[in-house]
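S.K.: quick one: sequence and predicted model below, then my questions.
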Amino acid sequence: MDIEFDKLIALQEIDNEIKALHHLLDLTPHKLSEIDQKIALAQDIVQKSKEKLLQNQKKRRELEGEVAVIKSKIATYKRQLNEVKTNKEYTALLKEIEEAQKKVDALEEEIIAALLEADDIEKEIQQAKENFLKEETRYLKEKEALLQRQQEGQNRLQALVRKREDLVNLMAQEQLALYNRIAEKKGGIAISPVTDDFCSMCHVRIRPQVLNELYDMKKIYLCENCGRILYLSPERKEKKQEGAKKAVSSARNSIK
């Protein structure tokens with residue numbers, strides 16, 4: 001029985017591409033999730049800036065509330081100045097008013113500082129929004145391209161599966177069964193080209209007798225080391241053909 005190396009090689013190429021596509025498609029959900037996380041992170045920066053402004057506004061309201069309370073006390077103290085009957089009481093009220101006014105002054109300085117901080121925060125929010133819009137646009141384009149590649153990969157995978165089914169229906173069942181057994185054991189790689197007298201997969205030198213047999217393509221030989229189906233690479237075939245031509249030419253020259 002002639003060995004259908006062309007079909008075995010074609011099957012291996014299809015399986016390699018199917019495996020690569022499965023790997024690509026398996027990674028796609030993770031990559032999409034990463035893009036969504038990046039968008040959420042950019043949006044979170046905007047949200048945190050807004051929360052900072054809310055905290056600033058809350059602080060200002062609290063400070064303004066304290067000022068209002070103290071000013072109310074100052075007004076009460078000032079009314080009481082007209083009612084006291086002794087210098088001691090009058091002096092005590094003046095001291096209370098003075099201390100209260102100092103607190104008001106200190107709180108109003110804090111309010112001014114908070115107002116200045118609010119201006120900076122608003123600028124920060126605006127910058128964060130601009131950055132978010134730029135990054136969101138970029139990430140959405142990446143996501144769209146990734147989804148397109150995913151769809152193309154799925155379409156290609158379906159086509160390859162159909163192509164594989166058509167191919168295996170044309171193959172000798174014994175050779176197909178051997179291929180499948182080896183592929184299952186060897187991570188999906190069942191055949192190995194021989195280049196420069198070596199198995200390309202495990203890099204073990206192939207015996208000269210086996211090399212000659214491979215050239216005839218009449219029998220399946222497995223690599224003695226890795227157990228994969230061996231076949232001559234186009235480069236190795238060309239090298240042998242050139243060697244044969246040189247031998248014939250040399251023989252003819254010697255006869256002359």
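M.R.: Now that the structure is in, tell me what you want to look at.
S.K.: which is the succeeding secondary structure element to whichever helix or strand R138 is part of?
M.R.: Assigned by DSSP states H and E, R138 belongs to helix 87-168. As assigned by DSSP H and E, the chain's next helix or strand after helix 87-168 is helix 173-185.
S.K.: show me how far that following helix is from its chain's centre.
M.R.: The chain centre lies 35 Å from the centre of helix 173-185; the measure is Cα atoms, centre = their mean, to the nearest Å.
S.K.: report the angle between it and helix 87-168.
M.R.: 160 degrees (axes from the mean of the first three to the mean of the last three Cα atoms, to 10 degrees).
S.K.: could I get the CA-only coordinates of helix 173-185 as PDB?
M.R.: Written as PDB, here are the backbone C-alpha positions of helix 173-185 (Å, rounded to 0.1, in the frame of the first residue of the first chain):
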ATOM      1  CA  GLN A 173      -8.400   4.200   7.700                       C
ATOM      2  CA  GLU A 174      -5.300   2.400   9.000                       C
ATOM      3  CA  GLN A 175      -3.000   5.400   8.300                       C
ATOM      4  CA  LEU A 176      -5.600   7.800   9.800                       C
ATOM      5  CA  ALA A 177      -6.000   5.700  12.900                       C
ATOM      6  CA  LEU A 178      -2.200   5.600  13.400                       C
ATOM      7  CA  TYR A 179      -2.000   9.400  12.900                       C
ATOM      8  CA  ASN A 180      -4.800  10.000  15.500                       C
ATOM      9  CA  ARG A 181      -3.100   7.700  18.100                       C
ATOM     10  CA  ILE A 182       0.200   9.400  17.700                       C
ATOM     11  CA  ALA A 183      -1.300  12.900  17.700                       C
ATOM     12  CA  GLU A 184      -3.200  12.100  20.900                       C
ATOM     13  CA  LYS A 185       0.000  11.100  22.700                       C
END
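S.K.: mean confidence (pLDDT) on it, please.
M.R.: Helix 173-185 shows a mean pLDDT of 96.
S.K.: which helices and strands sit right next to that helix?
M.R.: Contacts defined by 3 or more Cβ pairs under 8 Å, 6 or more residues apart in numbering; DSSP states H and E place helix 173-185 against helix 5-81, strand 229-232. The way it works is simple: take the backbone N, C-alpha and C, and place the C-beta from them, glycine included.
S.K.: shaky segments in the protein?
M.R.: Where the chain drops to pLDDT under 70, the residues are 1, 236-256.
S.K.: just name the most buried of the helices and strands packed on helix 173-185.
M.R.: Mean neighbours per residue, mean count of other Cβ atoms under 10 Å, is largest over those for strand 229-232, with a mean of 21.
S.K.: what's that strand in contact with?
M.R.: Strand 229-232 is contacted by residues 5, 8-9, 178-179, 182, 190-194, 199, 206, 210-211, 214-215, 217, 220-223, 240 when judged by Cβ atoms under 8 Å, 6 or more residues apart in numbering.
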